[in-house]
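J.: kindly return the folded structure for what I paste below:
(one chain, ligands or ions: 2)
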Amino acid sequence: MGADAHVTALLAAAVCACTSAHRPEAAHVADAASSGASSSDAAVAPRDALATFHYQEAPFADDPSNRFASDAGARKLGQSLFFDRAFSGPLIEGDNDGKGGTLGQSGDPGRVSCADCHVPATAFVDTRSPHGQISLAAQWTRRRAPTLLESGGLSLYDWDGRRDSIWGQAIGVMESDREFNSGRLFVAEQMFRLHRAEYEAVFGPMPALDDATRFPALTPDQAGCREVATRSGPTYPCRGKPSDGADYDGMAPADQQAATVVMVNAGKAMAAYVALLRCGPGRFDAWLDGNDAALSPSEQRGAGLFAGKGKCVSCHAGPDFTDGAFHDVGLSPATVAVAFIDSGDNGAADGVAAALADPMNTAGPFSDGDRHALPAGVDPAMLGAFRTPTLRCIATQPSFMHTGQLRSLDEVVAFHDRGGDPAGGYPGTNELSPLGLTAGECADIVAFLVALDGAGPPDSLRGPPD
Ligand code: HEC
Ligand code: HEC
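T.: Ligands and ions are numbered 1, 2, ... in the order given. Okay, the predicted model is just below:
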């Protein structure tokens, strides 16, 4: 195919797919449906086909890697830590100018908490960062912050399976120079300074973290990494974590271990709280229970298409609408936020390999038991593949996909309809193929996705504990 023919083919594909150019027609079809008219080319789903998608209200099974997972004191401590900015080191990225959605100015310490990227009012996704796509804390994150609702039911965490537990993810955040930009020594010292009594009530006596001869005392602006300009470009010397060549590396091994355990326990407390965050049932579940009026005709047709012609259920399956597996959907990297095009992202091929090698995984010495969530090795199909996201409570997100490059559910459904991006995407092989949905069918699927919204967690879990 010549270059011109290729462009023509692309244009044709764009016009045929249910793109937003079809919105007026789509809205018309949806309106007609909700006023009782029927659409000839969409079948209403038999409820039976979707019975296994019913929301499960029972609490998730306890995480064997965290023996504090259902401890009331750990949950309460984790809830307060989730909203506490006292563990973060200085902001690094110069885009932190103190304005519009940033957390302060470059150099400011103590500005970042979990809740700054997982905003409780919006399903624990990031509606705070500038541009509403990837997150800006110490630096820009590499991917979009997923919802934390229902994360207690996942087996592997992050878009690429980089972690196999929530606590492992929490401690990764603390030591990441993009997120908290902190380290285990400072985290342990802050736990001792600020949360000693609650900590000891759950985890037992703390080491003498106020003994500066054993644990060099770090101030907030000394924690984590900072940018130092050199002739060959910036470097990022760090303090208070392994390989810092400074405070942490100079400590006795037993004290390094003791500080690490305090950070891990802080992560386990946070995980005990995060696992309580649920979306709750939506109108879809009421419909499954037999309440016909719970879904409009358009939403019911959307349910049928989701299970049928749309083939969505081959990946978005089960009560949380995810198979927990990694798929390549041929997303073509695009500019998000300021200037991010992460075209070299190998997805789960790198993420799962890193998780397998991670001493903080649930098979490692800091775990209370192996979750057995990690595969034995990396499957070649993981190249360029990302985890199927949950679709529960999806409607309030500002952006979609791991990059945040799609800005509405209409765009996401149009993307799946055209079988991913024709120009090719990440490394790996696209598993999608075009669906040939009409504009009305796409609108029905979008309507159905909105009906998966639930009430979310109670107010008592949306802020620090009383
Ligand atoms: C700077 C923004 C930011 C902050 C702060 C942050 N997160 Fe996240 N979080 C993210 C991003 C981005 C991802 C996805 C990372 C990836 O896939 O590469 C993520 C992923 C997660 C996940 C995995 C969810 C899933 O569906 O796999 C959990 C759990 C989580 N974060 C919990 C926390 C906790 C607990 C804290 C506080 C210790 C925290 N996060 C702080 C941005 C943030
Ligand atoms: C081959 C597996 C597969 C199929 C089939 C599939 N999806 Fe997806 N879907 C994914 C993956 C994987 C992602 C995330 C990809 C990424 O971020 O790179 C995704 C992302 C999404 C998102 C965005 C969620 C978010 O939080 O960003 C929505 C909405 C969605 N899919 C709906 C659908 C619908 C509707 C269908 C059917 C028309 C469908 N999917 C079919 C695998 C699939």
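J.: how close does the residue lying closest to Pro220 once chain neighbours are set aside sit to ligand 2?
T.: Excluding the flanking residues, the one nearest Pro220 by CB to CB, 6 or more residues apart in numbering is Pro109, at 3.6 Å. For the C-beta atoms, the positions are set from N, CA and C on the backbone; glycine is no exception. According to CB to the nearest ligand atom, to the nearest Å, Pro109 stands 32 Å off from ligand 2.
J.: ok, now Thr388?
T.: With CB to the nearest ligand atom as the criterion, Thr388 and ligand 2 are 5 Å apart.
J.: surely that residue is in contact with Ser314?
T.: No - assessed by CB atoms under 8 Å, Thr388 is found out of contact with Ser314, at 9.7 Å.
J.: so which of the two has more stuff around it?
T.: Thr388 (20 against 12; other CB atoms under 10 Å).
J.: now Arg163: phi and psi?
T.: In terms of degrees, to the nearest 10, the main-chain angles of Arg163 are phi -130, psi 150.
J.: same check on Ala325?
T.: Note on Ala325: its backbone torsions stand at phi -100, psi 180 [degrees, to the nearest 10].
J.: surely it and Arg387 touch.
T.: Yes - the pair Ala325 / Arg387 is scored as a contact, 7.2 Å apart, by CB under 8 Å.
J.: the more surrounded of those two?
T.: Arg387 (25 against 17).
J.: isn't the more buried one right up against Trp159?
T.: Yes - with contact defined as CB under 8 Å, Arg387 reaches Trp159; the gap is 5.6 Å.
J.: if I look at Ala339, what pLDDT would I see?
T.: pLDDT recorded at Ala339 is 72.
J.: count of neighbours near it?
T.: 7.
J.: and for Ala395?
T.: 14.
J.: now do the contacts for the nearest residue to it once chain neighbours are set aside.
T.: Excluding the flanking residues, the one nearest Ala395 by CB to CB, 6+ apart is Val450, at 4.6 Å. Shown in contact with Val450 (CB atoms under 8 Å, 6 or more residues apart in numbering): Glu299, Ala395, Leu409.
J.: Val450 and Leu409: what is the separation?
T.: Distance, Val450 to Leu409, using CB to CB, to the nearest Å: 7 Å.
J.: how about Gly110?
T.: Gly110 is 37 Å from Leu409, by CB to CB.
J.: now Ser243. Nearest residue, chain neighbours left out?
T.: Asp249 (6.9 Å).
J.: so which strand or helix has that neighbour?
T.: Using DSSP states H and E, Asp249 falls within no helix or strand.
J.: pLDDT at the residue nearest the centre of the chain, what is it?
T.: In the chain, the residue lying closest to the centroid (CA atoms, centre = their mean) is Pro146, at 2.3 Å. Looking at Pro146, its pLDDT is 97.
J.: just Arg75 next, same as before
T.: With respect to pLDDT, Arg75 has a value of 98.
J.: try Thr235
T.: For Thr235, pLDDT reads 88.
J.: quick one: it and Val228 touch, right?
T.: Yes - contact criterion CB under 8 Å: Thr235 and Val228 qualify, at 5.2 Å.
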